[in-house]
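*Asks:* curious how this folds, go ahead:
(2 chains, ligands or ions: 2)
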2 protein chains.
Amino acid sequence: MKKWIPIASGLLAGFVAATISFADFSAKTNTEASSSTKSDAEKVYVPFGQKDDYYLFASGGHSGQMFIYGVPSMRKIRTIPVFSQDSATGYGFDEHSKKMMGDYTWGDLHHPAFSETKGDYDGKYMFATDVGNSRAAVVDLKTFTTKDIIQVPNTAGPHCAAFVTENTEYMFLPTRFAVPLGQKYESLDDFSTQYRGVMSAVTFNEKNQRLGIAYQVALPPWSYDLSDAGKKSSADWAVMTTYNTEEATTNMEINASQADRDYIVLFNWKELAKMVKEGKYENVGGQKMIFPEKQKGGIYLIPVAKSPHGVDVTPDGKQFIASGKLAPTMTVFSFEKAFKAVENKDFAGERNGIPVLNYKSVMEREVNPENALGPLHTQFDDKGMAYTTMFISSEIVKWDPNTGETLDRVPVQYSPGHSVSAEGDTVAPDGKWIIALNKIAKDSYLSVGPSHPESMQLIDISGKMKVIQSSPVDPEPHYAQMIKADKIKTINVYPKDVKNKEAVYKQSDTKIVRNGNKVDVYGIAMRSKFIFDAKAKRPDVIEVNEGDHVTIHLTNIDFDEDITHGFAINSYNLNMEVQPGQTNTMEFVANKAGTYPLYCTNFCSALHQEMNGYFLVKPKK
Amino acid sequence: MKKWIPIASGLLAGFVAATISFADFSAKTNTEASSSTKSDAEKVYVPFGQKDDYYLFASGGHSGQMFIYGVPSMRKIRTIPVFSQDSATGYGFDEHSKKMMGDYTWGDLHHPAFSETKGDYDGKYMFATDVGNSRAAVVDLKTFTTKDIIQVPNTAGPHCAAFVTENTEYMFLPTRFAVPLGQKYESLDDFSTQYRGVMSAVTFNEKNQRLGIAYQVALPPWSYDLSDAGKKSSADWAVMTTYNTEEATTNMEINASQADRDYIVLFNWKELAKMVKEGKYENVGGQKMIFPEKQKGGIYLIPVAKSPHGVDVTPDGKQFIASGKLAPTMTVFSFEKAFKAVENKDFAGERNGIPVLNYKSVMEREVNPENALGPLHTQFDDKGMAYTTMFISSEIVKWDPNTGETLDRVPVQYSPGHSVSAEGDTVAPDGKWIIALNKIAKDSYLSVGPSHPESMQLIDISGKMKVIQSSPVDPEPHYAQMIKADKIKTINVYPKDVKNKEAVYKQSDTKIVRNGNKVDVYGIAMRSKFIFDAKAKRPDVIEVNEGDHVTIHLTNIDFDEDITHGFAINSYNLNMEVQPGQTNTMEFVANKAGTYPLYCTNFCSALHQEMNGYFLVKPKK
Ligand SMILES: [Cu+2]
Ligand SMILES: [Cu+2]
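*Replies:* Ligands and ions are numbered 1, 2, ... in the order given. Predicted coordinates:
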């Protein structure tokens, strides 16, 4: 195996310096931009009456939310709250979303992934993970709302996710941080024996729209970074990168970068599922846990240049490409060769009880474009060509996975993490566009103080690569997927749900029901009033006693496009929305006596300002 | 006085219909857009290396946040969290912002207002109000962060705010909802006698960056909607609109629109300040409250077309223009005439103890552009021309306040609430641009489900008015101000604060201090590691006992542009950011035993992924 030493020596010092100084391509870019401003402006401009060609779904990182953009205009269309509270929509305030979020109001959303059918985005669902509080979520693309969230036990920070298998059989969630099983307290002195990096096989039941955990795998106590599912002939397999195979427990920036190589984990998820079926697992905190050192087969290691970040499967499913991060190398591996090595037990020993495939038997090509530093992640176009983001040299390099030849390169501003090409993670990418998700904007935009926005740059890849738009973005997109607009079929109005006992569709059915100190309101929101009890003297007033437990069910009976109502009670820190036809619920204790206006928070009509009433709380005597 | 009856008859039915069908201008607009797409595209395109000319500060409505855009590109640069939690920046999670927010995590941010010097935006501060939970806030434009929030007692929903006087002496917060003083419980049957609409005079102390309440005024129990401060010769005065002068208590959409006219409130804030100085107030819940029916002078009413929305002072300070909302009329009033009427006691009686000025003596002109329906809000250009948004007929009408002549009109998509012109609320507007804040986007953008985005449209007003860009926007901008980019002077790095006992700038000063079950951490964040105790075996590990009260002070010692670190503890629902040079604090009880990774949440360097440690919580025996 090739030694990475020449590249690695002095690497850390160089990298730290690079994050301060960056290779400066801005002068060159400016000139280019000026000479062809007109056509670039036209390319990204979508006049009124026309629509964007693609949806961009970008993970919102520690915002806990998902950001939806239109491409090529790069206009942000929507924020979908997933793991964190959203004041605007009342997400995390209404009962349904509050329960779904558990005890959490914050999240760190990484790596969204579309549901797939035959390896192609099918436009039905979007999955995502929360590195902060170890959760997984599913968003329904008919309504652009979060439908389910599960807590993933035994794991801490599913960063290396989500990637879905070709027919959305599983979404795999390998963990970034090793922790003791059950996340028990264990000394870091016992890290190698007591800590584990756990991968979870998450399933999605489309009928009841619920996520579940099929099984887990207790991997070695390393960090699992990024991953991809196989395609076509490699569809039963998946790959992921590792770092800190040194099993360091402190000062990771130095200690986790000592070894010349880390590993790619290659696994066959059908074999793992078979193991589970055959009972080859242990029960750990209610989860079916496979221990690879005991249950051999299905999981293999492949040596790779140190601390790799991305590993990406080519659209034809024949190769996977690992990006070196701390070595300036993209390594192309062959699935076919890997399968052969597995079959022939062509092993270079074991590590932590897992067979290590012979590097030379599996590796097809090491690619080192001149002066390209910090390769992180690779996307593909319609010709199968690869585009790799270079974090340190701040550029995207286009190259041919079949020859290793560098075909083109374009500077980006600055420090791209991931990039996303149109339909880039499918069996059939579209070409046309690639977007660089840059970590650092420096002074690209009007200053907003010490904390700068990040930057997304749209690159036209139809000819010579060219950055044609730069868009600031709130922190912090990590990964994104781009889907053809016509694949997404939304609804405009929620259908009537006659089975829903919380819903009221007729004004005469509205009522306020009292049982002891429990008050249940079955109300209606409509242009331009609230009706909580149509028979009352003041139908838009709710009166309770101090200390009452109040539940307000509210149904929006405007079955019209774009007529969403909001509902807030002054000084009670409560807001929720009811989209057209939707029923939503607010539950709280009326612990403050007094007079509190209630009002519609989402502009709905010319008389929106008049859409208010009162919430009166009679004081305890 | 003119009767508005012809307009008012059947008005409600017509308005409700209008919100469904809308006047459809889209075909016409499309044609226009297509024929000159190229130049429109170029006008809004800001190539890399160049920057936008203006900052747009838009209130984020029930998001509780402020949205910052660049103009003309209409790219969103930043979200500033003000009244609601923000997962991304840890706002509302760290101790400083949590305390500032009080018990609230949600807000409804309306009507931002720049600080002014001599009637011109000075670029130093931005003020805003929370209709949801009755608060006021100030944002420092050196750092784009919220510096102070106050709760405003005796009021419910300061919608009719904030407007600042010409040298930021006061920011006035009249309330949208009438409540009993002290927000006590009182029957709605006693609305007219027991409820009040309270206006607060809020001050800002620039030295200690704190907001305060100078005095309050107990106005009649009406709804106060929008307001503006006088300018130049009218600088000591201010105006605001009212609705529900009917004092209705239910079914507002009908009952609050019965009277042909409501009122403009005209007041002299210098006279009010004098009253307070002379002790002419009562103490209500710790506030100095002026009762206008007892302390005469300084406050007057002017009749105006029913349920007016905006009232806007012309840049020269000579006129104020009320928009009818439920009457298709903009009414131009003269300050000079009003002052004369006050001086001559030219009253048409009193209402609720406040003198009513004779309409004919004060009114200068009623303006009714043909078929223009639902006037809401007026902005101005550099020639003093007026631009009024028409909610119902979905257009902006340009007209001359001195003649009433209609000069130009442009359809917008759809239902504009407010609009904002460049430096539009100052004594010297810039012209060039006006942006329509449209409440309804219908199918203008890629669909994101039943809840649609709103829409902001950029209009070039340098020649014939033309919409040249349409931008979707998250809910829900209500009002905005646009400032010349060079007026804002940000800092890039927080200066060292040697007096701050929570800050640690030297690695050797880091420490973990235990006092009983209280643990205080004085740590450092730097590329690419955390140091909590430099002398420990594992400097990046914090170990505590279950139940310990933990306080973590963290200082970012990277005094470099754009190097913000984040700090999160897995499964503890905690995240905060430390901007370059900043110290921030997180406080919580370690109530879960176990092993929890901690990590940097804000991308900072090539080794960001390695910037992590552990938070170990030893279980109780
Ligand atoms: Cu409404
Ligand atoms: Cu960091």
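
*Asks:* mind checking pLDDT for A:Tyr263?
*Replies:* With respect to pLDDT, A:Tyr263 has a value of 96.

*Asks:* then the one 4 residues further on?
*Replies:* Each residue has a pLDDT score; the one for A:Phe267 is 97.

*Asks:* show me what contacts it?
*Replies:* For A:Phe267, the contacting residues are A:Val217, A:Trp237, A:Ala238, A:Val239, A:Gly298, A:Ile299, A:Tyr300, by C-beta atoms under 8 Å, 6 or more residues apart in numbering or on different chains. From N, CA and C alone the C-beta is placed, and that goes for glycine too.

*Asks:* now do A:Ala273
*Replies:* Residues in contact with A:Ala273, defined by C-beta under 8 Å, 6+ apart, are A:Ala201, A:Ala214, A:Tyr215.

*Asks:* near chain B at all, stretch A:106-126?
*Replies:* Yes - under the criterion of C-beta under 8 Å from any C-beta of the partner chain, chain B is reached by stretch A:106-126 at A:Trp106, A:Gly107, A:Asp108.

*Asks:* inside strands: which ones of these?
*Replies:* Judged by DSSP state E, strands contain none of these.

*Asks:* tally of neighbours for A:Asp430?
*Replies:* Using other C-beta atoms under 10 Å in any protein chain shown, A:Asp430 has 17 neighbouring residues.

*Asks:* what does chain A put close to ligand 1?
*Replies:* A:His565, A:Cys600, A:Cys604, A:Met611 (C-beta under 5 Å from the ion).

*Asks:* make it 6 Å
*Replies:* Neighbours of ligand 1 within chain A, by C-beta under 6 Å from the ion: A:His565, A:Cys600, A:Asn602, A:Cys604, A:His608, A:Met611.

*Asks:* contacting residues for the closest residue to the last one other than its chain neighbours?
*Replies:* Right, A:Met611. Nearest residue to A:Met611, sequence neighbours excluded (C-beta to C-beta, 6 or more residues apart in numbering or on different chains): A:Cys600, at 3.8 Å. A:Cys600 makes contact with A:Ala525, A:Ser528, A:Phe530, A:His565, A:Gly566, A:Phe567, A:His608, A:Met611, A:Asn612, according to C-beta under 8 Å, 6+ apart.

*Asks:* 7 Å - rerun?
*Replies:* The contact partners of A:Cys600, taken as C-beta atoms under 7 Å, 6 or more residues apart in numbering or on different chains, are A:Ala525, A:His565, A:Gly566, A:Phe567, A:His608, A:Met611, A:Asn612.

*Asks:* so which of those are in strands?
*Replies:* Per DSSP E, the contacts of A:Cys600 map to strands at A:Ala525, A:His565, A:Gly566, A:Phe567, A:Asn612.

*Asks:* can you check these and name whichever has the most neighbours?
*Replies:* That'd be A:His565 among those, by other C-beta under 10 Å, with 31 neighbours.

*Asks:* how close does the nearest residue to it once chain neighbours are set aside get to ligand 2?
*Replies:* Among residues not flanking A:His565 along the chain, A:Ala525 sits closest, at 4.1 Å (C-beta to C-beta, 6+ apart). Distance, A:Ala525 to ligand 2, using C-beta to the ion, to the nearest Å: 44 Å.

*Asks:* got the phi and psi for A:Ser97?
*Replies:* Backbone geometry at A:Ser97, expressed as degrees, to the nearest 10, gives phi -70, psi -30.

*Asks:* quick check: domain ranges of chain A?
*Replies:* Domain assignment for chain A by automatic domain parsing gives A:54-487, A:507-618.

*Asks:* switch these over to a markdown table; also include distance to B:Asp316.
*Replies:* Shown next, in a markdown table, are the domains of chain A (distance: least, C-beta to C-beta, whole Å):
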| stretch | distance to B:Asp316 |
| --- | --- |
| domain A:54-487 | 30 |
| domain A:507-618 | 30 |
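
*Asks:* wait, which of those domains is closest to B:Ala88?
*Replies:* Closest of these to B:Ala88 is domain A:54-487, at 3.8 Å (criterion: C-beta to C-beta).

*Asks:* centre of the chain to the closest one, how far?
*Replies:* 9 Å (C-alpha atoms, centre = their mean, to the nearest Å).

*Asks:* so where's chain A shaky on pLDDT?
*Replies:* For chain A, the stretches with pLDDT under 70 are A:1-38.

*Asks:* can you tell me the SS state at the spatially most central residue of it?
*Replies:* Nearest to the geometric centre of chain A sits A:Pro112, at 2.8 Å (C-alpha atoms, centre = their mean). Here A:Pro112 is recorded as strand under DSSP: H, G, I helix; E, B strand; the rest coil.

*Asks:* thought it was touching A:Tyr479?
*Replies:* Yes - using C-beta atoms under 7 Å, A:Pro112 and A:Tyr479 qualify as a contacting pair, with a distance of 6.5 Å.

*Asks:* okay, and the common contacts of these two?
*Replies:* By C-beta under 7 Å, 6+ apart, the residues touching both A:Pro112 and A:Tyr479 are A:Ser59.

*Asks:* helices of chain A, start to end?
*Replies:* Secondary structure of chain A by DSSP state H: the helices cover A:5-8, A:11-21, A:26-35, A:37-44, A:95-101, A:191-194, A:252-255, A:269-277, A:335-343, A:359-362.

*Asks:* mind listing the residues bridging to A:Phe267?
*Replies:* A:Ala238, A:Ile299 (DSSP bridges).

*Asks:* now it: how far from A:Val342?
*Replies:* 11 Å (C-beta to C-beta, to the nearest Å).

*Asks:* and if you look at A:Met363?
*Replies:* Taking C-beta to C-beta, one finds A:Met363 at 15 Å from A:Val342.

*Asks:* quick revisit: mind listing what the residue nearest to A:His565 touches?
*Replies:* Contact analysis of A:Ala525 by C-beta under 7 Å, 6+ apart lists A:Leu554, A:Asn556, A:His565, A:Phe567, A:Val578, A:Cys600.

*Asks:* what is it paired to in the beta sheet?
*Replies:* Counting by DSSP bridges, A:Ala525 is bridged to A:Phe530, A:Asn556.

*Asks:* what's the first-to-last distance across stretch A:431-446?
*Replies:* 32 Å (C-alpha to C-alpha, to the nearest Å).

*Asks:* that one and chain B in contact?
*Replies:* Yes - residues of stretch A:431-446 contacting chain B under C-beta under 7 Å from any C-beta of the partner chain: A:Lys439, A:Ile440, A:Lys442, A:Ser444, A:Tyr445, A:Leu446.

*Asks:* of those, just say which sits nearest to chain B.
*Replies:* A:Lys439 (4.4 Å; C-beta to the nearest C-beta).
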